[in-house]
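Asks: I'd like to go over a predicted model; first the sequence, then the structure.
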Amino acid sequence: MKGARSLLVQESQNQTTVSLGLISRLVLVISPSLCRLQSVCEIQPVLVDIDTSGNIIQKLGSNDQLWQVVASIIGSSGISVIGVIANYSNGQTQFTSFGITANDSYQIQFAFITPYDVNR
């Protein structure tokens, strides 16, 4: 796009300026694995947001209103996920206490939780 411009935003009460991007997709780069019943997985999921130019978005939201990602199980009733919410920061969502309450293979869905009063 000829003449495209970046939109920059400055955090309140500090001098940090961040370039804003438009989210194109959420990508799972590390799948959870080595999971045991009722325990956190040894390998935690990591996700990144990709903008419309194919670049990783380094920051979503502000320091006081972070975007978050929530995990849920699709199509399996009675199975729960523990440690389901993680913040998006420093270019990724890094879960730290993600686990599943039963041993088997499941389809996991990841979705955004936007800060209060943010429209998508």
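Replies: Structure received. Numbering: from 1, shown residues only.

Asks: quick one: buried residues of stretch 49-57?
Replies: 49, 51, 57 (16 or more other CB atoms under 10 Å). (Each C-beta comes from the backbone N, C-alpha and C, glycine too.)

Asks: Dump the residues you listed to CSV, plus distance to residue 69.
Replies: CSV is the format used below for the buried residues of stretch 49-57 (distance: CB to CB, whole Å):
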residue, distance to residue 69
49, 9
51, 16
57, 13
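
Asks: which among the residues you listed gets closest to residue 16?
Replies: Using CB to CB, the shortest approach to residue 16 within the buried residues of stretch 49-57 belongs to residue 57, at 15.4 Å.

Asks: so who does that closest one touch?
Replies: 21, 23, 48-51, 91 (CB atoms under 8 Å, 6 or more residues apart in numbering).

Asks: cool, and residue 56?
Replies: 48-50, 91-92.

Asks: That one and residue 46: what is the separation?
Replies: Residue 56 sits 12 Å away from residue 46, going by CB to CB, to the nearest Å.

Asks: got a list of contacts for stretch 27-39?
Replies: 41-50, 82, 92, 95, 98-103, 108, 110.
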